[in-house]
Each structure stands twice: as C-alpha cells, then as structure tokens.
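Kindly generate the corresponding structure for this input.
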Amino acid sequence: MTDTAFRMRTVAAGDDPADSFGLFSRDAVYDPYPFYQRLREREPVHWSERAGAWLITRYQDVFDLQGRADLSVDRTETLWSYLPRAGRERFSSVVAHYTRWLLYRDDAYHDRLKALLMRALTPRAVELLRPRIERRVTELLDGLDGREQFDAYLDFAARLPVLVMIDLLGLPSADESLIRHWSDRNSNFLFQPVTPDFEAMGAEQLANLDAQEDYFLPLIRARRERPGADLISAMVQAEVDGERLTDLEVFANCNMMAVAGGGTSRSAISLALLALQRFPDQLAKLVATPGLINLAAEEFLRFEAPTQRGIRTARADFTLGDKHIRTGEVLHVMIGAANRDPAMFADPHCLDLVRNPNRHTTLGHGVHYCLGANLARMELRLAVGGFVKRHPRYRIATDEIVYMDRTASRRLTALPVSVDGR
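The predicted structure follows:
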C-alpha cells in the first residue's frame, strides 16, 4: 500500500505530558496521529489540564468505555465550559437547547426517542432511501460535468448529506444553503477551535439558535396540524412517558440530525476522497473493483474518523489501567487514536480497502451506538462510489490541504480537484 500521490507534511508530537504532548496544537489539527501515538505509548490514560478531562487512547479501553451504560453522555458542564464565565446566565438558552439533543441524554427521553428514530433509520428503512440518495449523487455530479476543476468538498461532499437530511425532514431543497450554514456554525461551537473566542461564539450561538427557532417552530406547528411522511411529523406524534415532545424538543432534534448527521457524512466523504489520493494503489483497486465499496467504506471510517473523540462522564468511581477515575470526572474517549492502535490494526497508518475484520470505533456500539450509522454508511458508499466511477482519474489540485481549526473532529475547509472534463 503506497503513499505517493499526495503527501501530507510531517509533524512531530511534543515531549511534555503537562501539555498533553502537544495534542491541542495547530500541528495536531493538521495531523493528530503522531500525538495520539505519543499519548498511547507514554500515558494511555492521561489527565489533561487543558481539557479538564481524561484522554483515553488505547483501542481496548476506548471500545470498552463506549459500551459501558454506567457512563453518562450528559454535556451540561462541558457546554458551560464553552461559554464565557462572565454573565454566563445570558447563555442559558444555548445550554438548554443542546441538553434537549438525544445524543446528550441518558434517561427515558433518550430511550423512547431513539427507538422512534431508529425505526426510521433501520438497515431496511435506509435501503429504501437508496434511490433517493443515488438521485442526489447523480444530480450533484451532473451539475459538475464539463468542469475540469472544482471543490470536491464544497461542491459535492458538503452538499449531499444536507440534501438527504432535507429530504428526511421534509424541508424545501431551496433552503439547502441556510441549513448548511446553521449546521456549520453549530458544529464550530460544539467542536471548539484550538483558541476559541468564547464571547463571540456564545453571541453567535444565541443569534443562530434564534434564527433556527424562527424557521423550524412554524414548520413543527404545521406538521402537528397536517402530519406527513417525514421525520418532523414522526417526532411531533411521538410520546415519551405518555407525553408528546414539545416544539422545542422537536426543534432540538431536527438540529441534532442536521449537525451530527450531515457533519459526519460530509467529512467522511471528503476525507475518503483525500485518502484515496494518498494511496493511489487503493484508488486503482476501487476503480477496478467497484464492488469493494462496502468494505472500503469501513476502512475510510477507520482511517479518518470524522469525530475524533466522544465525551463521557463517570457516574461512579472506577479504575482504568493504573489510574483512578472519580465520580463526575470527564473522559475523552479518543476514537481517532483507537482506530490507529497497532495492537488492534496491522499497519494502522495505511489505507487498506480490503481490511477485514475492521472493528473500528468510529460509530460506537452499545446503548450510545450512532443513531445514523446506517444512513452514514449508505451516503459514504454511494457518494465515494459514484464519484470514483464518474472521475476515476481525479487529482488533488492544491499543494496544501487545510483542516478546520479544531482537534475534536476532522473536517476539510476545501478539497480542490482536477478531473478530465466531460
């Protein structure tokens, strides 16, 4: 497996455990994997003063923690830490909104609502979406025909998941740019830049969520009166403990699906296209054997996990390795590190499209298994498979790949490519 077509620049991890070996540096934004390796080798269970959390980097530890039902996904304290300390009550509505997200709940609300949404996102239900997603892929690629250069992230990868989510929620296609803008800005808040401006980000969140409420609440009320076959209609008719979800709860979970679902898929698609350029023999293999796409998608998810860490809170004291975790302490379950652990994966820094078995940690497992895993896989398979079929000889058209300024997730700002014009 060669790495010759497009080379990433080399970065090196630091030596200071007090600085988490440089994990929160700009070099780690570009390439976090040397930093994960240093942590895993020196302190696989590491207390980070910067994060105010334990960083867990070994595969087996990450896998085990993902499956523990006694760890909380509640983000209340973490959300407050993303906001200014002065006059923090100004931002109580921001914290209230995100604590309505299914992703950040452990209670009956989580269980009942997840059961409802899972029915809409089972393998069978997602398979029924295949023609609609294939049509969206074809429309986007057709719209790029005749261009010898375009941005495979902004013009393709970033658009497809938003259009699919618009279809699922029953929103107008004309609102694509608006939904994507809100998703991007909310994602920026939740994943936090390396050096965040808490005041500016808090103010942006207030404005963003106000605008989204003005957009979604009338739609939600209309679906209560005239439900359709979309997910908003399903949520307004759902009951939790005998009570219907409030308008704000439905809105919060619409937002969750746009941010978490759309964000994961757009990153996965664009990072896969970049990875194939780094390993041209693997691109050639996929072009020659398109039927490999299902296996390939799992390897794309392992090689570059869009979300690099999950957050859990200890609800009781326990021991991990030689470290004592206390009740209330936060754990960062380092998905990206686990997926490159040589104790689990041979040649973990190489892309191998036929790697099997491939038990990566990207989509989790257990009670907090990724709600949209089936949809994310479908989008990734159809998008990358369709792109490579249409443009088998695409090439990266820049000397420098730029990632968004964050270490908790992997997302490109652009992916310029050259293709043979049609």
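
Sketch out the strands for the stretch 151-300 of the chain, chain order is fine.
Taking DSSP state E, counting those that start in this stretch, the strands of the stretch 151-300 of the chain run over residues 239-240, 243-244.

Any chance of those in a markdown table with distance to F279 as columns?
All C-beta spots, glycine's among them, are computed from the backbone N, C-alpha and C. What follows is these, written out as a markdown table (distance: least, C-beta to C-beta, whole Å):
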| stretch | distance to F279 |
| --- | --- |
| strand 239-240 | 46 |
| strand 243-244 | 50 |
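
right, so these: which one is the most enclosed?
Among the strands of the stretch 151-300 of the chain, strand 239-240 has the highest mean neighbour count (mean count of other C-beta atoms under 10 Å), at a mean of 14.

picking that back up, quick one: closest of the strands of the stretch 151-300 of the chain to A174.
strand 243-244 (29.6 Å; C-beta to C-beta).

chain center to that closest one, what's the gap?
Here strand 243-244 is found 30 Å from its chain centre; the criterion is C-alpha atoms, centre = their mean, to the nearest Å.

Ok, stretch 305-321 next?
17 Å.

mind listing the strands for the stretch 1-150 of the chain?
45-48, 53-56, 71-72, 149-151.

Looking at these, which is nearest to F191?
Nearest of these to F191, taken as C-beta to C-beta: strand 53-56 at 14.6 Å.

Let me see the mean pLDDT of the closest one.
Average pLDDT, strand 53-56: 97.

Equivalent analysis for stretch 19-39, please.
Taken as a whole, stretch 19-39 has a mean pLDDT of 94.

buried ones in it?
When burial is assessed from 16 or more other C-beta atoms under 10 Å, stretch 19-39 yields the following buried residues: 20-25, 27-29, 31-39.

closest one to T361 among the strands of the stretch 151-300 of the chain?
strand 239-240 (29.2 Å).

ok, now which ones touch the residue lying closest to M256 once chain neighbours are set aside?
Nearest in space to M256, with sequence neighbours left out and distances taken as C-beta to C-beta, 6 or more residues apart in numbering, is W101 at 4.4 Å. With contact taken as C-beta atoms under 8 Å, 6 or more residues apart in numbering, W101 is in contact with 252-253, 255-256.

Quick one: residues contacting the residue nearest the centre of the chain.
Nearest residue to the geometric centre of the chain (C-alpha atoms, centre = their mean): T264, 3.1 Å. Applying C-beta under 8 Å, 6+ apart, we find T264 in contact with 161, 306-307, 370, 372, 376.

try 6 Å
T264 makes contact with 306, 376, according to C-beta atoms under 6 Å, 6 or more residues apart in numbering.

Would you mind giving me the confidence score for it?
88.

likewise the one 4 residues further on?
A268 is assigned a pLDDT of 97 by the prediction.

Below-threshold pLDDT in this protein: ranges please.
Applying pLDDT under 70 to the chain picks out residues 1-7, 240, 421-422.

As TSV, the contacts of W101 with neighbour count would be great.
As requested, these are exported to TSV (neighbours: other C-beta atoms under 10 Å):
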residue	neighbour count
A252	23
N253	24
N255	23
M256	21
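
These in helices, which ones?
252-253, 255-256 (DSSP state H).

Nearest to L219 among those residues?
For the ones in helices among the contacts of W101, the nearest to L219 is N255 (12.5 Å; C-beta to C-beta).

Now do the contacts for the closest one.
Contacts of N255 by C-beta under 6 Å, 6+ apart: none found.

Quickly note the distance from it to A288.
According to C-beta to C-beta, to the nearest Å, N255 stands 42 Å off from A288.

Quote the end-to-end distance of stretch 38-46.
11 Å (C-alpha to C-alpha, to the nearest Å).

quick one: buried residues of it?
Result for stretch 38-46 [16+ other C-beta under 10 Å]: buried residues 38-40, 43-46.

Save the residues you listed as CSV, and put in distance to Q212 too.
Shown next, in CSV, are the buried residues of stretch 38-46 (distance: C-beta to C-beta, whole Å):
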residue, distance to Q212
R38, 40
L39, 37
R40, 39
E43, 41
P44, 40
V45, 38
H46, 37
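
Sitting in helices, which of the residues you listed do you find?
Among the buried residues of stretch 38-46, the members found in helices (DSSP H) are 38-40.
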